[in-house]
Structures are given as structure tokens and as C-alpha cells.
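In: Okay, here's the prediction I keep looking at, along with the sequence it came from:
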Amino acid sequence: MTTQFDRRKFLVRGLTLGGLALAGPGALAACGSSGSNTGSTGFGIASQRLAWIKNTEFAGSYFADKNGYYKEAGFSGADLVAGGPTAPPIESDVLTRTFTGVSQVPIVAAAVAQGAPLKIIGAVYQRYAGCIMSMTAKPIKTPDDLYGKTIGCASSSEPVWRNFLAALKLDTTRIKTVPVQGNPIGMTKGEIDGYLGFINSQPIDLQHLGFDVTSMLLADVGFPLVGQTYITTQQNIDQHRDKVKAFLKAEIRGWKDVLANPQLATDITVNDYGKDLKLDPKAMLDETTVGNDLIRNGDSKQQIIAFSDQVAAENIKSISAGGLNLAVGDLFELGPIREVYQENPTLAA
């Protein structure tokens, strides 16, 4: 029988962390969010909660830190907070202790639907990196191939999985879902048939361990989303818009460096920011290359982190099938990123 995910339980579990319980604006201000007082060092620290461990998925932020782009934008430094399968929810961290965070559209939307004052202000990937990976000997190549299969899904990816199944109108009684803790290795042992991961991460890791893996990108089979989205609070947008724009400007510059030099992006990840993880340099370079393909998505003129109102509307349509009935303005605030490009036209070069 398929594991059924309860949206309300997920949000209560995620957003009541530390007694937060979707605190109102007054309570959020009392929490001392980095968006409040900037002090004598301009904007203060550029604090950011990353969506995963410090691998190359966040190399643009590493460059922004290492090359001084945050400081040039007015920050005194950066605090890049790593995530992982057991880390607190990103949305909770952004509401309480970091200025921004990196998340995914369905997850942010689920929080917003429950009243979290968050907005998506941009996206690194024009095409969502989420995929169903499987062993090539028993491949899952189409949504119909999911029938009769057991799929591993980390708790942090539950909203994505639920919305994907609903958007494609798949019969969930014919797909068994089991919880896993962010590691697809059970798939190689026959414990599960597939795993909901990211095409620029787990499949490449397994391939470099010698396993033959097939990946089905969700965006290619009827679930078009942007990926690796930046989020912040509505309060930050309203009261600290210049700081939001300064952060986005630094990130754009960092990601331009990743696109220009994926090898260097890999080197600083492996040897510096992710040093304690003992990452495989060859796997990391492949992950950087795949990620770069998702940033431009075949369009050399695509502005980094920015996307159109039409794309935002398509994202809303994708998640609406899962019961997330939001308007574009409820979830996205794209004014700051557009202003950054208007004010700094050379960034688009």
C-alpha cells in the first residue's frame, strides 16, 4: 500500500521547529533575523541556509564569498549554513536565523499555503533537477514505469513527490513510497526500485561508485519547475530591499564564475568549502557540469537567477494539482532580481 503523506503533519513538523509555529511579523523581528539591523558594516553578514551538504550545488555562493562579491555588495562577510537529510527545514531557518535560503518550489509553496511569510526571489536552475533514479537493469524511464515499484523518498522531498504524482494524475495505490534518509544506496541492493533525487547529485555519485544508473528528470515528463530557488521573508523584501538586491547581485556574479570555470568551482568545493566531506573530485566536476546545463537550459542569453512571469505561472500550475492553490504573487517576488539587472546591465553579459 502506498505511503500517504499528510501535508498538515509535514508542515507542523517542519515549521514548528523550536516553537516557531508560524510566528507573526512581530515575533519574527524578535527572533533577531539577519534582515533586521545591519550595524556599522553595511548589510552585515550574508547568511544563507543551503539546501544540502556543501557540494558543488552551491558553488556560486562559494565564489561569491571567496572572490569578495558579498563584501563588494555591502556585506561584512558570509555565513553559508549547510543542510542535509537531518537538518532543520530550510523555511524554518529562514524565518528565524538566516537572511536567505535555498529550497524547492513545492516545499516553499507548502509552507506559504500554511501562512509562512516567505517569497521565492529567484532560481539558480531554469529546469528543476529533481529526478527518479533507478538501476539500468530495471529502469524507470516513464511515469507509467513507476507502477508496481517501490520508491524511496526523503522527508524533505515529500511535497515534491506528492505534487508530482498529483500533477501527472498517477494512481498512487499502484506506487509504494517508503521513507529514506537522503541516501539511495538501498536501490543498489534491491531494497527499493527507485529514488527521488537530483540529477546533478546522487545519480552521479552512484555512477562513480561503479553502478549503472538511469535517471528520469521530472521536468522532462510533465512537471516543469525552476530549481534551487532562493527564498527570503516578506519583511526583508519590504524593509530591506537593497539588501535583498545586494545578495542577488553577489550570487549572480558567483554563478557566472561557475559557468565560466567549472573546474575551479569543483576545486574550491572539494578543497575548501566541502573539505571535511572528502568529496570525489571527478564526481564533483561531473555534478558541476550537469548543474551548469540546468542554469542556462539551452539559452545562452538566459539571465542567471531570473525568470519570466510565464515561467512563474507554469510553476503555479504544476503545483496546483497537489492542492497548493496559490497565485503567482503569493509565492514569487521577482521585482528585486529584475531591478538588479536593470541597474547592472553588464551582469547579463
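Out: Yep, that arrived. Numbers count the residues shown, from 1 in each chain.
In: Show residues contacting stretch 339-349.
Out: The contact list for stretch 339-349 (CB atoms under 8 Å, 6 or more residues apart in numbering) reads 245, 248-249, 252-253, 256, 301, 303-304, 306. (C-beta placed from N, C-alpha, C; glycine too.)
In: make it 10 Å
Out: Contacting residues not belonging to stretch 339-349 are listed as 122, 241-242, 244-253, 256, 301-306 [CB atoms under 10 Å, 6 or more residues apart in numbering].
In: ok now stretch 179-193, how far from the chain's centre?
Out: In terms of CA atoms, centre = their mean, to the nearest Å, the centre of stretch 179-193 is found 22 Å from the chain centre.
In: do the same with stretch 102-119
Out: On CA atoms, centre = their mean, the centre of stretch 102-119 falls 12 Å from the chain's centre.
In: sorry, back to before: next step: the contacts of stretch 339-349 restricted to strands.
Out: Using DSSP state E, the subset of the contacts of stretch 339-349 located in strands is residue 122.
In: For the buried ones among the contacts of stretch 339-349, write the corresponding PyMOL selection.
Out: Those of the contacts of stretch 339-349 that count as buried under 16 or more other CB atoms under 10 Å are selected in PyMOL with:
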select buried, resi 122+244+245+246+247+248+249+250+251+252+253+256+303+304+305+306
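In: residue ranges of the helices in the stretch 1-150 of the chain, please?
Out: 7-15, 25-30, 59-66, 69-72, 90-96, 105-113 (DSSP state H, counting those that start in this stretch).
In: Pull out the buried positions in the shortest one.
Out: By neighbour count with 16+ other CB under 10 Å, helix 69-72 contains the buried residues 69-71.
In: Closest one to residue 310 out of those, please.
Out: residue 69 (29.6 Å; CB to CB).
In: Return the residues in contact with that closest one.
Out: 46, 60-61, 63, 75, 78, 246-247, 249-254, 256-257.
In: residue ranges with poor pLDDT in this protein?
Out: By pLDDT under 70, the low-scoring segments of the chain are 1-41.
In: what about 80?
Out: 1-41, 85, 182, 349 (pLDDT under 80).
In: how's it carved up into domains?
Out: Domain ranges of the chain: 7-128+225-348, 130-221, per automatic domain parsing.
In: how about the strands of the stretch 201-349 of the chain, start to end?
Out: Ranges of strands in the stretch 201-349 of the chain, per DSSP state E, counting those that start in this stretch, are 213-217, 227-233.
In: Could you tell me how far the first one lies from the centre of the chain?
Out: Remark: strand 213-217 is offset 19 Å from the chain centroid, using CA atoms, centre = their mean.
In: again, but for stretch 330-348
Out: For stretch 330-348, the distance to the chain centre is 19 Å (CA atoms, centre = their mean).
In: got the buried residues for that stretch?
Out: 331-334, 336-337, 339-341, 347.
In: Make CSV out of the residues you listed and add distance to residue 229.
Out: Shown next, in CSV, are the buried residues of stretch 330-348 (distance: CB to CB, whole Å):
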residue, distance to residue 229
331, 10
332, 9
333, 11
334, 11
336, 14
337, 11
339, 18
340, 16
341, 17
347, 19
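In: now residue 174: how far from residue 150?
Out: Distance, residue 174 to residue 150, by CB to CB, to the nearest Å: 11 Å.
In: right, I mislabeled it, should have said residue 216
Out: As defined by CB to CB, residue 216 lies at a distance of 16 Å from residue 150.
In: repeat for residue 227
Out: Noted for residue 227: a distance of 25 Å to residue 150, by CB to CB.
In: more neighbours, these two?
Out: Per other CB atoms under 10 Å, whichever of residue 227 and residue 150 has more neighbours is residue 227, with 26 against 19.
In: how about that one, what does it touch?
Out: Counted by CB under 10 Å, 6+ apart, residue 227 has contacts 51, 57, 102-105, 123-130, 198-200, 218-219, 291, 294-295.
In: is it true that residue 74 touches residue 46?
Out: Yes - judged on CB atoms under 10 Å, residue 74 makes contact with residue 46 at a distance of 9.2 Å.
In: Please enumerate the shared neighbours of those two.
Out: Here residue 74 and residue 46 have 243, 246-247, 250 as joint contacts, going by CB under 10 Å, 6+ apart.
In: what would these look like in TSV with distance to residue 180?
Out: Output for the shared contacts of residue 74 and residue 46, formatted as TSV (distance: CB to CB, whole Å):
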residue	distance to residue 180
243	37
246	38
247	33
250	35
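In: Residue 318: which of these is nearest?
Out: residue 247 (26.5 Å).
In: was I right about the closest one contacting residue 75?
Out: Yes - look at residue 247 against residue 75 with CB under 10 Å: they come within range, at 7.7 Å.
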